[in-house]
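**Q** Could you work out the structure for the sequence below:
(chains A and B)
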Amino acid sequence: MNPSDQNWSRLTTAARTAPDPRDTAAPYGFATRVVALAMAQERVAGSLLEQFSLRALGLAGLLALVCVAANFSTVASLFRDEVANTDDPVAEIVDLAS
Amino acid sequence: MSEDESFDLAGCLELVRHRDQAAARSLVEHLHPLVIRIVRAHLPRRVSEEDLAQDIFLKMFTRLEQYKGAVPFPHWVSRIAVTTCIDQLRAQKRRPEFRWADLSENEADVLDAVMTNENDVEAGDALAARELVHKLLDQLKPADRLVIQLLDLEQKTIAEISATTGWSQSLVKVRAFRARRKLQKLFQELEQKERP
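**A** Just a heads-up that it's a prediction; the model follows:
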């Protein structure tokens, strides 16, 4: 062992003998405070999820409306064709004949 | 950890998972001695031990769902405590320079005795020796400091340190070697340059 190691060894041997009179029990109210904070954090996480879910639902609804509006003419013409085909018996007979 | 051997840790954890506040408080009280010993051994400057212990317990509750029982629960909590302390020590960034002139009279006497005498430090100087050790440990990198503290002050084995920190035994040995080399350098510098 070199001199520096011996110095360190003697120092730590002495340090180990130093008494530590400090109490290791939790201070009064510490556990209550920690548990309250921990439970509050969980609630915040839950409500954040709820908020995001509601926002996502609103956004999805808005996107659906935008899609319908953007393609309104196509959707409307499909409905018109369908209505024309089903309401006109002559057209149906012509369709069948051809 | 508290000395209460009758504490039903598994049952308590089950209740805590079901958000039982009384069980959660019992768990904190049961583990407080274990956590506070780690905190006191690795407490960064200007950080309150109670604040750090609180951070550790909050992390424990946040990550409780991740605990699968692969290691005993107190070991798992120890690892959270150790990593939280290391993170705090890293956050300090700059370590204060170790200078002879900054030591108290008692600390300087102890250091002088250690460097000049072959004899052990006197029993009355134990507190000064402990302060001095902590000032020297402040010069090390947080992870190296932790290893050397557990080895030389708490006299843990390499296997125990590996279990407490989650580091491999080879990594623990490398860090211990690096820490000792740095301490040697510090003593040599003190001997050559600083000594009054």
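**Q** Pull out the buried residues from stretch B:82-95.
**A** The neighbour-count check on stretch B:82-95 (16 or more other Cβ atoms under 10 Å in any protein chain shown) flags B:82-86, B:88-89 as buried. Using the backbone N, CA and C atoms, a C-beta is placed for each residue, glycine as well.
**Q** Other residues contacting it?
**A** When contacts are defined by Cβ atoms under 8 Å, 6 or more residues apart in numbering or on different chains, stretch B:82-95 is touched by residues B:38-39, B:42-45, B:47, B:52, B:55-56, B:59, B:138-139, B:142-143, B:145-146, B:164-165.
**Q** So which residues of chain A form helices?
**A** Remark: helices assigned in chain A by DSSP state H are A:3-16, A:30-70, A:72-87, A:89-97.
**Q** Counting by contacts, list what the helix or strand of chain B with the lowest mean pLDDT packs against.
**A** In chain B, the helix or strand scored least confidently by mean pLDDT, DSSP states H and E is helix B:105-116, which has a mean of 79. Identification of packing neighbours for helix B:105-116 by 3 or more Cβ pairs under 8 Å, 6 or more residues apart in numbering or on different chains; DSSP states H and E yields helix A:3-16, helix B:126-137.
**Q** Mean pLDDT, distance to residue B:24 and mean neighbour count added to these, as TSV?
**A** Output for the helices and strands packed on helix B:105-116, formatted as TSV (pLDDT from 0 to 100; distance: least, Cβ to Cβ, whole Å; neighbours: other Cβ atoms under 10 Å in any protein chain shown):
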stretch	mean pLDDT	distance to residue B:24	mean neighbour count
helix A:3-16	80	35	19
helix B:126-137	84	33	21
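**Q** Residue B:167: what secondary structure?
**A** coil (DSSP: H, G, I helix; E, B strand; the rest coil).
**Q** What is the neighbour count of it?
**A** Taking other Cβ atoms under 10 Å in any protein chain shown as the neighbour definition, residue B:167 ends up with a count of 20.
**Q** For chain A, what lies in contact range of chain B?
**A** For chain A, the contact set with chain B under Cβ under 8 Å from any Cβ of the partner chain comprises A:2-5, A:7-20, A:22, A:24-27, A:30-35, A:37-39, A:41-42.
**Q** Report the mean confidence score over stretch B:66-77.
**A** When pLDDT is averaged along stretch B:66-77, the result is 88.
**Q** Over to stretch B:19-37?
**A** Confidence over stretch B:19-37, taken as the mean pLDDT, stands at 92.
**Q** does it come close to chain A?
**A** Yes: applying Cβ under 8 Å from any Cβ, one finds stretch B:19-37 touching chain A at B:19, B:21, B:24-26, B:28-29, B:32-33, B:36-37.
**Q** re the thing from before, contact partners of the least confident helix or strand of chain B?
**A** Residues from elsewhere that reach helix B:105-116 (Cβ under 8 Å, 6+ apart): A:7, A:10-11, A:14, B:100, B:103, B:119, B:121-122, B:125, B:127-129, B:131-132, B:135, B:187, B:190-191, B:195.
**Q** Show me the shaky parts of chain A.
**A** A:1-4, A:43-49, A:51, A:81-98 (pLDDT under 70).
**Q** that older thread, can you pick the most crowded of the residues of stretch B:19-37 next to chain A?
**A** By neighbour count, taken as other Cβ under 10 Å, the most surrounded of these turns out to be residue B:24 (26 neighbours).
**Q** Quick check: chain neighbours aside, which residue is closest to it?
**A** Excluding its sequence neighbours, the residue lying closest to residue B:24 (Cβ to Cβ, 6 or more residues apart in numbering or on different chains) is residue A:35, at 4.4 Å.
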